[in-house]
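# With the input below, show me the fold.
(2 chains)
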Amino acid sequence: MTGAFALGGSARVWVAIVVIGIATYGFRLSFIHLFGRIDEVPESVKRPLRFVPPAVLAALVLPDLVTIRPSVVATLADERLIAGVIAGAVAWRTENVFATISVGMVTLWLFRFVVFA
Amino acid sequence: MDGTLFDDDLWAGVRDVSPLMLGIVPFALVAGIAAVDAGLTLAEAVGMSVIVFAGASQLAALDLLGANAPLAVVIGTAAVINLRMVMYSASIAPHFSRYARETRAALAYFLTDQAYALSVAEFARNEGRTRWRYYLGAAASLWVVWQIGTVVGVVVGAGVPDAWGLTFAVPLVFLALLVPAMKDRPTTVAGVAGGAIAVVAAGLPLNLGLLAGAIVGILTGLIAEAIDR
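This is a model prediction of the structure:
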């Protein structure tokens, strides 16, 4: 980044931390603060919010497992995708965070250090 | 500890949240490791865990900071991830409405996925609970474990070789949260669309892929819901 608004490493990090912190606290406080003034959460607020977790989480996960660069085919043989698919099955069966992480990491190491080594 | 102590609502919250720590501890460790990976100092990593105190957004922000994304993208992405807190705030608000404004302001700081889910379920089951004590027992426990886990992650993470790919635990944490979040057709459609767009848009300038995926996912979910009606 260049220009008058370019920030150095540490300043950049602290600005990000403080602004994200303020925004997040605002979200947390929003209706806890408002309640008493309004009796019910408007439907127009509730409806889109329902889709925030699945949309955001999927957008976070998938690019770490699959990439279209250089090609989709190259990705299919990647240990991250294999580990992700197996961990996904564990998540679906158990809904357990610890089991999902453990199985995913062990699968990654198995393919990285044994199968593809 | 004697039985009467654990009959207390505060301790009931502490007790009920403890099994969830199995998922929180590795999550917090990864937050510390990812902070080191992104080039943060211990003070910056702990500052983030105290000031932001929201794991998914912290990990996404760290990833983007490490990739030198513009600040506006780092902040915008983290904010979109934490928008779900508005939903939790709305849902738990009636339980806190009897408390003073300052008390509510303090309780809000500790609001997390786990504290919210646990408390709302317990309040529905057990009318007699003193709301703030049960909630704070669970939420403050999560806070303490989160901070300790971050510090340990920073200290330990620095010594682990890159080849172990410990940061791969980050998408795994999100995966474990994603699967139960896709609980019906519209939410599943939102997830599939959001993920697909994020993959395709991964090459977008300014690291806008995540933000694009999230927004398209939410809109697609709304459309799917409208079609289902």
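
# contacts and neighbour counts: CA atoms only from here.
Will do.

# which helices and strands does the helix ranked longest in chain B pack with?
Across chain B, the longest stretch assigned as helix under DSSP state H is helix B:131-157. The criterion is 3 or more C-alpha pairs under 8 Å, 6 or more residues apart in numbering or on different chains; DSSP states H and E, and the helices and strands that helix B:131-157 contacts are helix B:9-17, helix B:21-37, helix B:42-51, helix B:84-96, helix B:113-125.

# mind exporting stretch B:98-106 as PDB, just the C-alpha atoms?
Taking C-alpha atoms only, stretch B:98-106 is exported to PDB below (Å, rounded to 0.1, in the frame of the first residue of the first chain):
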ATOM      1  CA  ARG B  98     -35.000  -6.300  33.500                       C
ATOM      2  CA  TYR B  99     -31.400  -5.400  34.200                       C
ATOM      3  CA  ALA B 100     -29.900  -1.900  34.400                       C
ATOM      4  CA  ARG B 101     -28.400  -0.500  31.200                       C
ATOM      5  CA  GLU B 102     -24.800  -0.800  32.500                       C
ATOM      6  CA  THR B 103     -25.300  -4.400  33.400                       C
ATOM      7  CA  ARG B 104     -26.700  -5.200  30.000                       C
ATOM      8  CA  ALA B 105     -23.800  -3.300  28.400                       C
ATOM      9  CA  ALA B 106     -21.300  -5.500  30.300                       C
END
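
# How far away from the center of its chain is that stretch?
23 Å (C-alpha atoms, centre = their mean, to the nearest Å).

# Now it: buried residues?
B:104, B:105 (16 or more other C-alpha atoms under 10 Å in any protein chain shown).

# okay, now the spatially closest residue to residue B:158 that is not a sequence neighbour: neighbour count?
Take residue B:158 and drop its neighbours on the chain: the residue closest to it by C-alpha to C-alpha, 6 or more residues apart in numbering or on different chains is residue B:36, 6.6 Å away. Neighbourhood size, residue B:36 [other C-alpha atoms under 10 Å in any protein chain shown]: 22.

# Low-confidence ranges, chain B, go.
B:1-7 (pLDDT under 70).

# contacting residues for the nearest residue to residue B:154 once chain neighbours are set aside?
Leaving aside its sequence neighbours, residue B:154 sits nearest to residue B:32 (C-alpha to C-alpha, 6+ apart; 4.4 Å). Shown in contact with residue B:32 (C-alpha atoms under 8 Å, 6 or more residues apart in numbering or on different chains): B:45, B:149, B:150, B:151, B:152, B:153, B:154, B:155, B:157.

# One more pass at 6 Å, please.
Contact analysis of residue B:32 by C-alpha atoms under 6 Å, 6 or more residues apart in numbering or on different chains lists B:150, B:153, B:154.

# ditto for residue B:223
Residue B:223 touches nothing, counting by C-alpha under 6 Å, 6+ apart.

# Quick check: what element follows the lengthiest helix in chain A along the chain?
The longest helix of chain A (DSSP H) is helix A:9-34. Counting by DSSP states H and E, the next helix or strand C-terminal to helix A:9-34 is helix A:43-49.

# Show me what counts as buried in that next one.
Result for helix A:43-49 [16+ other C-alpha under 10 Å]: buried residues residue A:49.

# Who are the packing partners of that helix?
Other helices and strands packing on helix A:43-49, by 3 or more C-alpha pairs under 6 Å, 6 or more residues apart in numbering or on different chains; DSSP states H and E, are absent; none qualifies.

# Give me the mean pLDDT for that helix.
Taken as a whole, helix A:43-49 carries a mean pLDDT of 81.

# Helix or strand next in line after that helix, which one?
Past helix A:43-49, the next helix or strand by DSSP H and E is helix A:52-65.

# Pull the residues that contact that next one.
Among residues not part of helix A:52-65, those counted as contacts by C-alpha under 6 Å, 6+ apart are A:80-81, B:171, B:174, B:178, B:181-182, B:190-191, B:194-195, B:198-199, B:210, B:213-214, B:217-218.

# Skipping adjacent residues, who's closest to residue B:141 in space?
Using C-alpha to C-alpha, 6+ apart, the nearest residue to residue B:141 is residue B:14, at 6.3 Å.

# helices or strands next to the next helix or strand after the longest helix of chain B in the packing?
Past helix B:131-157, further along toward the C-terminus, the next helix or strand under DSSP H and E is helix B:169-181. Applying 3+ C-alpha pairs under 6 Å, 6+ apart, one finds that helix B:169-181 contacts helix A:52-65, helix A:97-109.

# Return the most buried member of those helices.
helix A:52-65 (a mean of 28; mean count of other C-alpha atoms under 10 Å in any protein chain shown).

# Can you report the mean pLDDT over the residues of that helix?
So the average pLDDT for helix A:52-65 ends up being 89.

# Flag every residue of chain B that's near chain A.
B:22-23, B:48, B:51-52, B:75, B:85-86, B:89-90, B:93, B:108, B:169, B:171-172, B:174, B:176, B:178-179, B:181-182, B:187, B:190-191, B:194-195, B:198-199, B:210, B:213-214, B:217-218 (C-alpha under 6 Å from any C-alpha of the partner chain).
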